[in-house]
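K.L.:
What shape does this take:
(one chain, ligands or ions: 2)
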Amino acid sequence: MSSMIGNKLKVSIFGESHGGAIGVVIDGLPSGLEIDMNFIESQMERRAPGKDSFSTARKESDKPSVVSGLFEGKTTGSPLCAIILNEDTRSKDYSYLKYAMRPGHADYTGHVKYSGFNDYRGGGHFSGRITAPLLFAGALAMQVLENYKGILIGTRIKKIYGIADNSSFEENPETVVNIRSMDFPVIDQQAKKLMQHEILKAKEEGDSVGGVAETIILNIPAGYGEPFFDSVESKISHMIFSIPAVKGIEFGQGFNITNMRGSESNDPYYTQEGNVFLKSNNNGGILGGITNGMPVVFRTAIKPTPSISKLQETIDVSTMENTTLQVSGRHDPCIVQRAIPVIDAAAALVVLDLIMEREGEIFFNKTKGDI
Ligand SMILES: Cc1cc2nc3c(=O)[nH]c(=O)nc-3n(C[C@H](O)[C@H](O)[C@H](O)COP(=O)(O)O)c2cc1C
Ligand SMILES: C=C(O[C@@H]1CC(C(=O)O)=C[C@@H](OP(=O)(O)O)[C@H]1O)C(=O)O
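P.N.:
Numbering: from 1, shown residues only. Ligands and ions are numbered 1, 2, ... in the order given. Sure thing, here's the model as predicted:
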């Protein structure tokens, strides 16, 4: 199993949904970075389960406890470890799921790979719950990026089950920061109502829906990225595909760029007072795997929640017979709104790693001004 990601900034996550706790170890953080735990907690609250009728009924406080690497509000330079307790497990919901494989979840693939020794309760290490420690690490990275580099990240819901928010996601600091304060971050309020209606309708019918999230990374300077294999797109995609339920990612115009001619898709350059700008951003802020100074824009496709109470066909791996299954228990009828802060955080980890690859600690020492 590979539970570690990052080059200079290494993040390792651990735990299972129904175990004692889940957590994260962040290795490679420079010492002396000021960390505001209130900011991290506010991001974790955005993801926490059990808040409303659009999400799972499992209630977790998701209050992180830092056990190392932080002293008097500043990083010490040693591995920073945070733990989040699992307080509201109800493992009996999974008693019949030891052998009956949920279609769409990782039950069968996990069973095969780990020879049936995997903790299947609550999806174990495959659970969306494991995004809580990832979010902790990413929220820490987000505030370091904001405070030391002015880089801002925000994600909105672009689409839920065919209902699209067609208003533009303005590439400016106000929009990107404001979107983070919304519980259900849709810009067009009419579209928001229709999306919420679709979620509740699916829930009533014992079903689920998915959708698309759109992310903007603002104020990222030109020149970051390590082609060939550590291009910015590759690193972001690697990270985003680690989030359970993600099934696609596109940058800039994405697949739509194939409907354009080169004369339309090329982003023209111009210069003003010695600085270089681009007139459009069809390439999503990345060329040759390197940032070009425009906002990095990407969209993430999130599938409908696999655990649904509609009758489904499956197999029983103990008898190797065909069977049927209706999943009960507490599940998100839609994952998109809860994945939004996780995507912000995951993107922040990639950007911070890219900066550290290029600038190392010099960047922090320079900007801290105390060394
Ligand atoms: C925040 C979040 C919440 C999730 N909630 C649920 C859930 O309640 N029920 C469920 O079956 N899957 C849920 N998932 C998705 C599954 O964990 C995921 O589909 C499963 O691990 C299989 O991985 P894959 O879809 O990436 O192939 C959630 C994912 C995330 C990121
Ligand atoms: C607990 C969380 O979400 C869980 C993600 C999840 C899954 O299969 O991914 C299944 C459900 O777990 P349980 O059956 O234990 O309630 C969700 O509630 C969380 O995100 O913190």
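K.L.:
Dump stretch 344-362 to PDB, keeping only the CA atoms.
P.N.:
Written as PDB, here are the backbone C-alpha positions of stretch 344-362 (Å, rounded to 0.1, in the frame of the first residue of the first chain):
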ATOM      1  CA  ASP A 344      -8.800  22.900  -2.000                       C
ATOM      2  CA  ALA A 345      -6.500  21.300   0.500                       C
ATOM      3  CA  ALA A 346      -5.100  18.600  -1.800                       C
ATOM      4  CA  ALA A 347      -4.300  21.300  -4.400                       C
ATOM      5  CA  ALA A 348      -2.500  23.300  -1.700                       C
ATOM      6  CA  LEU A 349      -0.300  20.400  -0.800                       C
ATOM      7  CA  VAL A 350       0.800  20.100  -4.500                       C
ATOM      8  CA  VAL A 351       1.500  23.800  -4.900                       C
ATOM      9  CA  LEU A 352       3.500  23.900  -1.600                       C
ATOM     10  CA  ASP A 353       5.500  20.900  -2.700                       C
ATOM     11  CA  LEU A 354       6.200  22.500  -6.100                       C
ATOM     12  CA  ILE A 355       7.400  25.700  -4.400                       C
ATOM     13  CA  MET A 356       9.700  23.700  -2.000                       C
ATOM     14  CA  GLU A 357      11.100  21.700  -5.000                       C
ATOM     15  CA  ARG A 358      12.100  25.000  -6.700                       C
ATOM     16  CA  GLU A 359      12.900  27.300  -3.800                       C
ATOM     17  CA  GLY A 360      13.500  25.000  -0.800                       C
ATOM     18  CA  GLU A 361      13.700  26.700   2.600                       C
ATOM     19  CA  ILE A 362      15.200  29.900   1.100                       C
END
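K.L.:
Would you tell me which residues of the protein are close to ligand 2?
P.N.:
By CB under 6 Å from any ligand atom, the part of the chain that sits against ligand 2 consists of 17, 49, 56, 58, 60, 89, 93, 122-123, 127-129, 132, 244, 329-331. In this view, the C-beta of every residue, glycine as well, is placed from N, C-alpha and C.
K.L.:
Make a ChimeraX selection of the buried ones in the residues you listed.
P.N.:
In ChimeraX, a selection of the buried entries from the residues of the chain next to ligand 2 looks like this (16 or more other CB atoms under 10 Å):
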select :17,49,56,58,60,89,93,122,123,127,128,129,132,244,330,331
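K.L.:
how far does the longest helix along the chain sit from the chain's center?
P.N.:
Longest helix of the chain, by residue count under DSSP state H: helix 336-359. Distance of helix 336-359 from the chain centroid (CA atoms, centre = their mean, to the nearest Å) equals 8 Å.
K.L.:
A strand includes residue 166, no?
P.N.:
No. Secondary structure of residue 166 (DSSP: H, G, I helix; E, B strand; the rest coil): coil, not part of a strand.
K.L.:
From residue 22, how far out is the nearest residue to it once chain neighbours are set aside?
P.N.:
Spatial nearest neighbour of residue 166, excluding adjacent residues (CB to CB, 6 or more residues apart in numbering): residue 188 at 7.0 Å. Here residue 188 is placed at a distance of 35 Å from residue 22 (CB to CB, to the nearest Å).
K.L.:
likewise residue 326?
P.N.:
Counting by CB to CB - residue 326 and residue 22 are separated by 28 Å.
K.L.:
neighbours around the nearest residue to residue 248 once chain neighbours are set aside, how many?
P.N.:
Once flanking residues are discounted, residue 248 sits nearest to residue 301: 3.5 Å by CB to CB, 6+ apart. By the criterion of other CB atoms under 10 Å, residue 301 has 18 neighbours.
K.L.:
How many neighbouring residues does residue 205 have?
P.N.:
Residue 205: 12 neighbours (other CB under 10 Å).
K.L.:
ok, the residue of the stretch 1-150 of the chain found nearest ligand 1 - contacts?
P.N.:
Nearest residue of the stretch 1-150 of the chain to ligand 1: residue 128, at 2.4 Å (CB to the nearest ligand atom). Residues near residue 128 by CB atoms under 8 Å, 6 or more residues apart in numbering: 244, 245, 332, 335, 338, 339.
K.L.:
if we can go back for a sec, so for residue 188 and residue 22, which residue has more residues nearby?
P.N.:
residue 22 (27 against 15).
K.L.:
Point me to the helix or strand that includes that one.
P.N.:
According to DSSP states H and E, residue 22 maps onto strand 21-27.
K.L.:
Run through the residues of the chain sitting next to ligand 1.
P.N.:
Residues of the chain lying near ligand 1 by CB under 6 Å from any ligand atom: 56, 105-106, 123, 126-128, 131, 243-245, 303, 305-307, 331-332, 335, 338-339.
K.L.:
and the closest residue to residue 317 other than its chain neighbours, how many residues sit next to it?
P.N.:
Excluding the flanking residues, the one nearest residue 317 by CB to CB, 6+ apart is residue 99, at 5.2 Å. Per other CB under 10 Å, the neighbour tally for residue 99 reads 17.
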